[in-house]
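[1] My questions are about this predicted structure, shown below with the sequence.
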Amino acid sequence: MVDDRDESLEKRREQLEAELATKRSVLGEDERGEVRAEESRKGYAEAMKLSSEFIAAIIVGAVLGYLFDRFVGTAPWGMIILLLLGFCAGVLNVLRSAGKVATPMPEKHGLDKK
């Protein structure tokens with residue numbers, strides 16, 4: 001009777017271990033999926049940041065060019081030039097944010113010169 005009880009407990013323990021193993025594997029897959037989703041969200045956030053910086057620089061250049069043309073009277077030239085400068089500034093901002101171009105370091109004037 002004791003042997004039957006021990007055998008049934010052993011079978012039950014093995015069955016529970018098998019169920020735990022399957023649950024752990026399912027949870028591991030869920031965790032891996034969650035990690036991939038988190039990386040994807042970070043990528044989307046970075047893309048939105050870079051695109052908004054780029055578009056903002058172009059819009060600022062266009063608005064400043066339009067205002068310059070309105071006050072000075074240089075019809076399309078102010079807007080064309082400042083729009084191109086805004087485009088260049090946007091590209092530079094995106095490259096800096098992406099880490100492709102180093103940010104400028106301020107130089108110490110007069111301290112290193114002898």
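    Here it is on my side, so go on. Residues are numbered from 1 along each chain as shown.
[2] Tell me how far the residue nearest the centre of the chain lies from L20.
    For the chain, E46 is the residue whose C-alpha lies nearest the centre (Cα atoms, centre = their mean; 2.3 Å). Look at E46 and L20: by Cβ to Cβ, to the nearest Å, they are 39 Å apart. Bear in mind the C-beta positions are built from the backbone N, C-alpha and C, glycine included.
[3] do the same with E10
    Counting by Cβ to Cβ, the gap from E10 to L20 is 16 Å.
[4] The longest helix along the chain packs against which elements?
    If you go by DSSP state H, the chain has its longest helix at helix 2-72. Other elements packing on helix 2-72 under the criterion 3 or more Cβ pairs under 8 Å, 6 or more residues apart in numbering; DSSP states H and E are helix 77-98.
[5] Show me the contact partners of the helix it packs on.
    Residues outside helix 77-98 that contact it (Cβ atoms under 8 Å, 6 or more residues apart in numbering) are 49-50, 53-62, 64-66, 68-69, 72, 101-103.
[6] 7 Å instead, please
    Applying Cβ atoms under 7 Å, 6 or more residues apart in numbering, the contact partners of helix 77-98 are 49-50, 53-54, 57-58, 60-62, 64-66, 68-69, 72, 101, 103.
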